[in-house]
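**Q** let me see the structure of the following:
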Amino acid sequence: MMWILLGLVAWIAGSALNVWLARRPRSRATSLAVPVVFGLTIIVVWEAVVRGFGISPVLLPAPSVIAARMASSGSVLWEDFVQTVVKGALTGYVMGCLAAFITAIVVDRFDFLRRGLLPVGNFVAALPIIGTAPILVMWFGFDWQSKAAVVVIMVYFPMLVNTVEGLRDTSAMQRDLMRTYAAGYWTTLFKLRLPAAMPFIFNGLKIATTLALIGAIVAEFFGSPIRGMGFRISTSVGLLQLDLVWAEIVVAAIAGSAFYGGMALLEKAITFWHPSQRG
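**A** The predicted structure follows:
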């Protein structure tokens, strides 16, 4: 009963504090404090509910149990992080986004490629990962190379579509002005069209951050060496080690959030002039 009461008190206190913070003048401190307070409130309520109702750790382990498992399995979690995030997701992300960017420049230069390639890209992007991942695992082997290949396919077309649309996001008056300055295609591209496309490009990069991590983890379900987040999650579920499963999920969530946040900070630094970054 004490745990249930603690959960109620934590929820009321956290909600009241967030309401108070929301009424304060907006600043960087309040913007960071609101999600932190909400997250801590959820963790405390989670702990109280699990312990107060005696929920089995097989169904839902308490946050304290997950934290203890993370502390005791740090070396395993680090090995899985390097295998999945660094080797699989990050490598595939860089290769896929770079290839998509170069392809977008070529597609923008030759209009018949845009009309022919983009519909094919939309078709390939709609293919389910559970269908393509086993094929790529058979092609590239069971190590991280096949996971990177899955990530390349997942991030390539969202990045391509966003970049192509961004390169077209200039008005006729702006292009006419560049022509009056006798600017050729490449000068117009670097001086006008690429800067104008930056919000679209970063939109594709941010979308790709989450897709890369999801693709690398899911691909490991279809074949992997004895390490990796997807491998550890699938085997740990079979062994009913749900605390380790949740530990892997927490690490993946932190990595994905940091990846997305880093890309958002980079976008803010580069596209500070754009209206979406003001205020």
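**Q** tell me the pLDDT of W246.
**A** On pLDDT, W246 comes in at 92.
**Q** contact partners for the residue most central in space within the chain?
**A** Among the residues of the chain, the one closest to the centroid is T210, at 2.0 Å (CA atoms, centre = their mean). Contacts were defined as CB atoms under 8 Å, 6 or more residues apart in numbering; by that measure T210 touches 256, 260. Bear in mind the C-beta positions are built from the backbone N, C-alpha and C, glycine included.
**Q** from G223, how far out is it?
**A** 23 Å (CB to CB, to the nearest Å).
**Q** okay, now the closest residue to A197 other than its chain neighbours: neighbour count?
**A** Leaving aside its sequence neighbours, A197 sits nearest to G166 (CB to CB, 6 or more residues apart in numbering; 2.9 Å). When neighbours are defined as other CB atoms under 10 Å, G166 has 23 of them.
**Q** same thing with V65?
**A** 18.
**Q** so it is in which element?
**A** helix 63-72 (DSSP states H and E).
**Q** can you check V49 too?
**A** Per DSSP H and E: helix 28-52 holds V49.
**Q** buried sites along that helix?
**A** Residues of helix 28-52 classed as buried: 34, 37, 41, 43-52 (neighbour count, 16 or more other CB atoms under 10 Å).
**Q** same check on stretch 139-157?
**A** So stretch 139-157, judged by 16+ other CB under 10 Å, has buried residues 142-157.
**Q** list just the nearest of those to R24.
**A** For the buried residues of stretch 139-157, the closest approach to R24 (CB to CB) belongs to V155, at 38.5 Å.
**Q** mind saving the C-alpha coords of the helix or strand harbouring the closest one as PDB?
**A** Secondary structure assignment for V155, by DSSP H and E: helix 144-167. What follows is helix 144-167, C-alpha atoms only, in PDB (Å, rounded to 0.1, in the frame of the first residue of the first chain):
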ATOM      1  CA  TRP A 144      27.700  -6.400 -39.000                       C
ATOM      2  CA  GLN A 145      28.100  -5.900 -42.800                       C
ATOM      3  CA  SER A 146      24.700  -7.400 -43.500                       C
ATOM      4  CA  LYS A 147      23.100  -5.100 -40.800                       C
ATOM      5  CA  ALA A 148      24.800  -2.100 -42.400                       C
ATOM      6  CA  ALA A 149      23.300  -3.100 -45.700                       C
ATOM      7  CA  VAL A 150      19.800  -3.200 -44.200                       C
ATOM      8  CA  VAL A 151      20.400   0.200 -42.700                       C
ATOM      9  CA  VAL A 152      21.600   1.600 -46.100                       C
ATOM     10  CA  ILE A 153      18.300   0.500 -47.800                       C
ATOM     11  CA  MET A 154      16.200   1.900 -44.900                       C
ATOM     12  CA  VAL A 155      17.800   5.300 -44.900                       C
ATOM     13  CA  TYR A 156      18.600   5.700 -48.600                       C
ATOM     14  CA  PHE A 157      15.200   6.600 -50.000                       C
ATOM     15  CA  PRO A 158      13.900   8.900 -47.200                       C
ATOM     16  CA  MET A 159      17.100  10.800 -47.500                       C
ATOM     17  CA  LEU A 160      16.900  10.800 -51.300                       C
ATOM     18  CA  VAL A 161      13.300  12.100 -51.400                       C
ATOM     19  CA  ASN A 162      13.900  14.800 -48.900                       C
ATOM     20  CA  THR A 163      17.100  16.000 -50.600                       C
ATOM     21  CA  VAL A 164      15.500  16.100 -54.100                       C
ATOM     22  CA  GLU A 165      12.500  18.000 -52.700                       C
ATOM     23  CA  GLY A 166      14.800  20.400 -51.000                       C
ATOM     24  CA  LEU A 167      16.800  21.100 -54.100                       C
END
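**Q** now it: average pLDDT?
**A** 87.
**Q** which other helices and strands contact it?
**A** helix 91-109, helix 111-125, helix 129-140, helix 194-219 (3 or more CB pairs under 8 Å, 6 or more residues apart in numbering; DSSP states H and E).
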